[in-house]
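J.: generate coordinates for the sequence data below:
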Amino acid sequence: MGDIEATWDFRDPYVWMQKTARSALPPLIITAAISGGGHGKESNAALPETPEEQAEEAHRAYEAGASQIHVHVRDPNDWSQCSGNPRDYGLVNGMIRERCPDVIINNSTGGGPSLTTEERYSPLFADPAPDVATLNLGPFVSKFTMPARPDHLPHSRGPIEYDMCSGTTYGELNHYASVIAERGMKPELEVYDPGQYWVLRDLIYNNNVTPPYMVQFVLGAQTASFPTPANLVSLINELPSGALYSVIGTGPFQIPMNVLGIILGGHVRVGLEDNIYYRRGEKASGNAQLVSRIRRIAEEMNREIATPAQARQMLGLPQVA
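T.: Numbers count the residues shown, from 1 in each chain. Predicted coordinates for the structure are as follows:
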């Protein structure tokens with residue numbers, strides 16, 4: 001496996017044209033966000049909740065071409081909620097690692113709407129630890145209704161109204177970034193809007209993150225940047241030197257934003273956390289279906305799909321023996 005130029009000046013049109021003309025853009029890292037910490041089987045029956053279901057969905061996505069699996073672990077006392085217990089994350093991480101030995105395990109610290117800050121960061125203390133942990137670089141405001149969970153599902157309940165702000169501070173983010181580094185993990189830096197570059201540059205200034213910076217753009221979520229081509233290009237233009245990026249588009253914007261990410265030399269995230277539909281009016285049959293589609297699109301565009309080993313090299317993660 002040769003060296004891969006994963007980062008370059010994304011603003012330089014001559015570099016982009018050269019790489020595109022020679023089909024020399026880096027291999028595409030496909031991340032599968034298999035569940036999320038909000039909606040569950042009440043929204044799509046294919047969404048995994050139990051550890052066994054999560055491990056099986058991870059394996060299917062891995063077989064379809066995902067080199068990274070993003071995990072929100074559910075609470076065994078209420079499968080409709082996200083867990084804040086590191087032991088629950090350790091169980092699921094271990095099961096995924098057993099089935100997918102070299103895949104990159106990416107644990108969420110976004111958690112779910114009912115968790116405290118300390119509970120959201122519990123995956124940092126899981127055993128086995130993830131390779132990557134997310135770090136949301138700022139507060140965001142959400143207002144939504146979680147649909148009723150019908151009686152045929154465990155832990156049934158009525159609809160839940162949420163009107164909330166997920167807050168954080170510079171100090172908290174610097175602290176948890178340092179914990180991620182101390183525990184040998186890589187932070188995935190979640191950028192929802194361009195103002196959060198202030199936070200990223202503060203983390204860099206304090207030496208709490210190191211290159212290659214792994215930036216995840218989230219477009220289309222409430223109070224995030226609108227999922228438009230202009231906004232994505234603007235976010236890319238503000239990337240610090242030594243960064244690579246991946247693109248999330250929520251709901252119906254998953255494919256448009258993913259395709260732009262492929263074209264522009266970035267990477268992509270798909271999965272039932274971000275989008276429960278395959279096409280308008282047709283729910284996805286599982287995460288592997290979404291991975292397979294974006295893989296097919298990328299290959300038709302002459303973009304190689306990254307193996308887990310290639311993804312590890314690009315992200316500066318250790319290889320699995």
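
J.: excluding chain neighbours, what is closest to residue 318?
T.: residue 312 (6.9 Å; Cβ to Cβ, 6 or more residues apart in numbering). Bear in mind the C-beta positions are built from the backbone N, C-alpha and C, glycine included.

J.: what's the average pLDDT for stretch 187-196?
T.: Mean pLDDT, stretch 187-196: 97.

J.: how far does that stretch sit from the chain's center?
T.: 12 Å (Cα atoms, centre = their mean, to the nearest Å).

J.: buried residues in that stretch, which are they?
T.: Residues of stretch 187-196 classed as buried: 187, 188, 189, 190, 191, 192, 193, 196 (neighbour count, 16 or more other Cβ atoms under 10 Å).

J.: ok, these vs residue 161, which is closest?
T.: Distances from residue 161 to the buried residues of stretch 187-196, taken as Cβ to Cβ, are shortest for residue 192 (22.3 Å).

J.: in three-state terms, label the closest residue to residue 185 other than its chain neighbours for me.
T.: Distance criterion Cβ to Cβ, 6+ apart; nearest residue to residue 185, sequence neighbours excluded, is residue 133 at 5.1 Å. For residue 133, the assignment made with DSSP: H, G, I helix; E, B strand; the rest coil gives strand.

J.: what bridges to residue 133?
T.: Residues in a beta bridge with residue 133, per DSSP bridges, are residue 107, residue 187.

J.: need the contact list for the closest residue to residue 176 other than its chain neighbours.
T.: Nearest residue to residue 176 in three dimensions, chain neighbours excluded: residue 121, at 5.6 Å (Cβ to Cβ, 6+ apart). With contact taken as Cβ atoms under 8 Å, 6 or more residues apart in numbering, residue 121 is in contact with 109, 176, 179.

J.: of those, which is the most crowded?
T.: Most neighbours among the contacts of residue 121, by other Cβ atoms under 10 Å: residue 109, with 23 neighbours.

J.: which helix or strand contains it?
T.: Assessed by DSSP states H and E, residue 109 sits outside every helix and strand.

J.: hmm, it is touching residue 176, no?
T.: Yes: counting by Cβ atoms under 8 Å, residue 109 does reach residue 176; the two are 7.0 Å apart.

J.: shared neighbours, these two?
T.: Common neighbours of residue 109 and residue 176 (Cβ under 8 Å, 6+ apart) are 121, 124, 135.

J.: quick check, the last one in contact with residue 181.
T.: Right, residue 135. No: using Cβ under 8 Å, residue 135 makes no contact with residue 181, being 10.9 Å away.

J.: name the residue in those two with the higher neighbour count.
T.: residue 135 (25 against 15).

J.: for that one, which non-adjacent residue is closest in space?
T.: residue 187 (4.5 Å).

J.: residue contacts, the one you found?
T.: 132, 133, 134, 135, 177, 180, 181, 209, 214.

J.: give me the number of residues near residue 184?
T.: Residue 184 - counted by other Cβ under 10 Å - has 10 other residues nearby.
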